[in-house]
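1. kindly generate the corresponding structure for this input.
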Amino acid sequence: MSDLPHKTSAVRDTPTLGRARRYFHWLGWPRTLSGRLALILVVGMLATQLVTGTVWFDARYGRVAEVPVRTGGARIADAVKLFDVVPVTERAALMERLRAAGIDVRPIDVPTPAHAMEHFSDDLFDGVLRAQLGPDHPFVARPVVLYDDASEPLTLATLLRAHAPTAHLAADVKLRDGQWLSVAVVAGQAGLDLRPGAAFADYFVRIYLMRILAVVLIAVVAVRIALRPLARLSAAADRLGRDIHSPPLDETGPAEVQRAAQTFNAMQRSLIDAMQARTAFLASVSHDLRSPLTRLRLRAETLAEPKQRERFRHDLMEMEAMIAASLDHVRGVPSGEALRDVDIDALLRAVAEDARETGGDVRVREQSTAGGAGLVRGYPRTLRRCLQNLVDNAVRHAGGCRLSANLSPQGTHLEIVVDDRGPGIPEAELAAAVEPFVRTGAARHDTPSADAATLAPGMQEIPEGVDGVGLGLAIARTIAQAHDGTLMLSNRPGGGLRAVLSLPINGPDAG
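-> You can find the predicted model right below:
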C-alpha cells in the first residue's frame with residue numbers, strides 16, 4: 001500500500017500527459033466544466049457543418065449550371081430538329097450558318113462511348129435533351145464542363161468569384177434518317193449576374209455565423225441547466241467545510257443527482273455523528289476530571305507555604321483552561337447562533353476594556369473605522385471569542401496590544417488588526433502558528449508566568465489556558481473561516497506580531 005501514492009504520482013507525471021496538458025493550455029482549454037462542454041458542442045457543430053456545407057456548394061454549382069445547361073440544351077435540340085427538316089444536300093450550308101451562330105455541328109459515323117454522369121449539371125443536361133428531342137432521337141450526352149469568367153475550368157475557389165460562368169455542352173444525336181451528328185455549344189447566363197459576393201455573404205452569415213451564435217447560446221444555457229445540480233453540490237460542500245450543521249442538500253433532480261445528494265447528506269450525517277461522539281467523549285472526560293481537580297484545589301488550600309499554594313492554583317487553572325479549550329476546539333463554531341450586524345468598533349472597545357481589567361495594556365487606535373463603516377454581518381458571540389483569543393495571545397506574550405479596524409481597498413472586507421510589541425514568531429513558524437496544538441518559537445512561549453511575583457506591578461496573573469495547549473489561534477482561524485474570512489499573521493518591523501482578521505462586510509455566503 002505504501003507504494004501506491006508513488007506509482008500514482010509517476011503515472012500522473014508521465015511526459016505524454018505533461019505534453020497533453022501543455023498542449024490544451026496553449027489551445028486555451030477552458031478551466032471550467034461548463035466551458036469545456038460548451039466548447040465541445042460548438043466544435044462538434046462546426047465539424048458537422050463543414051461536412052454538410054458541401055450541400056450548399058452542390059446547390060451553388062447547380063444554380064451556376066442551370067441557366068446555361070437549359071438554354072444550351074434547348075439550342076442543341078432546336079439545331080437537331082432543323083437538320084431533320086432540311087434536305088441532305090443543304091446540311092453542309094446549315095452547319096456553316098450554325099457554326100457562325102456558336103453551334104458546332106459535325107457529322108459522325110458512330111457516337112462516342114457514354115460517360116458516367118457525376119454532377120447535377122450532367123443529369124440536368126441529359127433531362128433537357130430527353131424532354132426536347134423525345135424518343136425519336138437517341139443521343140449520348142457528354143459531361144458538362146463549366147468555365148469561369150476567365151475561361152478557366154470552374155473550381156471551388158472560382159465558384160465563389162465568377163459573375164457569369166459558361167457551360168460547354170456536347171452531345172451525339174441520331175437524326176430520323178439514321179445520321180449521327182456531334183453537336184457542341186457554349187451557353188452563358190443569359191445576361192444574369194450571379195453576384196457571388198452576396199451569395200457567399202449570405203451563406204456565411206446564415207449557415208455559419210447565425211448557427212454558431214445559436215449553438216453557442218443553446219450550449220451555454222443547456223450546460224448551465226445540466227450543471228446546476230453540480231454547482232449546488234459544490235456550494236453545499238463549501239458550506240459544510242465552514243459549518244458542519246449547514247442545511248442538507250436537496251435530493252430532487254435526475255437519478256444521478258439524487259444519488260449524489262443522498263450520498264453527500266449521508267456523509268454529512270456521519271460527520272455530525274462522529275463530531276457529536278467525540279464531543280460527548282471529551283465532555284465525559286472533562287466531567288470526570290472535575291471531581292479530582294476539585295479535590296486537588298481543596299488540598300492545595302491546606303498547604304502552609306503561600307508560594308507553593310499559588311503554584312498549585314496556577315497549575316489547576318491551567319489544566320481547567322486546557323480542558324475547556326479542547327472542548328471549544330472540538331465543538332467549533334456554535335450552529336445555533338444567528339447572523340447579525342455586529343458593530344466592530346463597539347466590540348473592539350469592549351474586548352479592550354475586558355483586557356485592561358485583567359491588567360493588559362490594550363488600546364483601540366483612534367483611526368479605527370466609525371459609524372456604519374464598522375458594521376459586519378456575523379456571529380456576535382463567536383466574533384468576540386475570536387478577538388478575545390487574539391488579544392489574550394498578545395497580552396500573554398507582549399503585555400498588551402493596539403487594536404484597529406479599517407475597510408479593505410476594495411471596500412468589501414473589514415480588516416481588524418491586532419499589533420503587539422512582543423518577541424514575535426520565527427518566520428518559518430508563522431504558517432504553523434494557527435494550526436491546532438502547535439506552540440511556536442521558544443522565545444514567545446517561554447515567558448515565565450507560574451510565579452505571580454514576576455508579574456509587573458498592577459498586572460494580574462494570566463494563565464496560559466488556551467494558548468498553553470496551542471489552540472487559541474487555531475480557534476480564531478476557525479471562526480474567521482466560518483465567516484468566509486481569513487486570519488493572517490506577520491512579524492512587525494522593529495519587533496512584535498501583527499494579526500490581521502479580514503471579514504466580509506456582508507457576512508458568510510455574501511459572494
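
2. in the stretch 351-500 of the chain, which spans are helices?
-> Assigned by DSSP state H, counting those that start in this stretch, the helices in the stretch 351-500 of the chain fall at 380-398, 442-445, 465-468, 472-482.

3. elements contacting the longest one?
-> Read that as helix 380-398. With contacts defined as 3 or more CB pairs under 8 Å, 6 or more residues apart in numbering; DSSP states H and E, the packing partners of helix 380-398 are strand 340-343, helix 344-357, strand 361-364, strand 400-407, strand 413-419, helix 465-468, helix 472-482, strand 497-504. Yep, even glycine has a C-beta here, placed from its N, CA and C like the rest.

4. save the ones you listed as a markdown table, and put in mean neighbour count and distance to G73 too.
-> Converted to a markdown table, the helices and strands packed on helix 380-398 look like this (neighbours: other CB atoms under 10 Å; distance: least, CB to CB, whole Å):
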| stretch | mean neighbour count | distance to G73 |
| --- | --- | --- |
| strand 340-343 | 16 | 88 |
| helix 344-357 | 18 | 92 |
| strand 361-364 | 19 | 100 |
| strand 400-407 | 20 | 84 |
| strand 413-419 | 21 | 81 |
| helix 465-468 | 21 | 101 |
| helix 472-482 | 23 | 83 |
| strand 497-504 | 22 | 80 |
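
5. for C386, which non-adjacent residue is closest in space?
-> Nearest non-adjacent residue to C386, counting by CB to CB, 6 or more residues apart in numbering: I479, 4.0 Å away.

6. do you know how far the one you found is from N393?
-> 14 Å (CB to CB, to the nearest Å).

7. so L383 makes contact with A476?
-> No: contact criterion CB atoms under 8 Å: L383 and A476 do not qualify, at 10.1 Å.

8. just to revisit the earlier point, of the helices and strands packed on helix 380-398, which is nearest Q262?
-> helix 472-482 (26.2 Å; CB to CB).

9. put the alpha carbons of that closest one into CSV.
-> Extracted in CSV, the C-alpha atoms of helix 472-482 (Å, rounded to 0.1, in the frame of the first residue of the first chain):
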residue,chain,number,x,y,z
GLY,A,472,-6.1,30.0,20.8
LEU,A,473,-5.0,31.0,17.3
ALA,A,474,-6.4,27.8,15.8
ILE,A,475,-9.9,28.6,17.2
ALA,A,476,-9.6,32.2,16.0
ARG,A,477,-8.8,30.9,12.5
THR,A,478,-11.7,28.5,12.5
ILE,A,479,-14.1,31.4,13.5
ALA,A,480,-12.6,33.5,10.7
GLN,A,481,-13.2,30.8,8.2
ALA,A,482,-16.8,30.3,9.4
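
10. now that helix and helix 380-398, what's the angle there?
-> Note on geometry: by axes from the mean of the first three to the mean of the last three CA atoms, to 10 degrees, helix 472-482 and helix 380-398 are set 150 degrees apart in direction.

11. pLDDT (mean, whole number) over helix 472-482?
-> Per-residue pLDDT values across helix 472-482 average out to 85.

12. centre of the chain to it, how far?
-> 29 Å (CA atoms, centre = their mean, to the nearest Å).

13. cool, and stretch 106-117?
-> Between the centre of stretch 106-117 and the centre of its chain there are 67 Å (CA atoms, centre = their mean).

14. circling back: can you lay out the helices and strands packed on helix 380-398 as CSV showing distance to H168?
-> CSV is the format used below for the helices and strands packed on helix 380-398 (distance: least, CB to CB, whole Å):
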stretch, distance to H168
strand 340-343, 87
helix 344-357, 90
strand 361-364, 97
strand 400-407, 82
strand 413-419, 79
helix 465-468, 98
helix 472-482, 81
strand 497-504, 78
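
15. closest one to L296 among these?
-> helix 465-468 (17.5 Å).

16. what's the closest of the helices of the stretch 351-500 of the chain to A38?
-> With CB to CB, the closest approach to A38 among the helices of the stretch 351-500 of the chain belongs to helix 472-482: 33.1 Å.

17. which other helices and strands contact the closest one?
-> helix 210-242, helix 306-331, helix 380-398, helix 465-468, strand 486-491, strand 497-504.

18. and those as a markdown table, adding distance to D122 and mean pLDDT?
-> Output for the helices and strands packed on helix 472-482, formatted as a markdown table (distance: least, CB to CB, whole Å; pLDDT from 0 to 100):
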| stretch | distance to D122 | mean pLDDT |
| --- | --- | --- |
| helix 210-242 | 31 | 80 |
| helix 306-331 | 87 | 74 |
| helix 380-398 | 85 | 90 |
| helix 465-468 | 93 | 46 |
| strand 486-491 | 76 | 92 |
| strand 497-504 | 74 | 93 |
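
19. CSV for those, including distance to A187?
-> As requested, those are exported to CSV (distance: least, CB to CB, whole Å):
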stretch, distance to A187
helix 210-242, 35
helix 306-331, 94
helix 380-398, 90
helix 465-468, 100
strand 486-491, 81
strand 497-504, 78
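
20. alright, that wraps it up for me.
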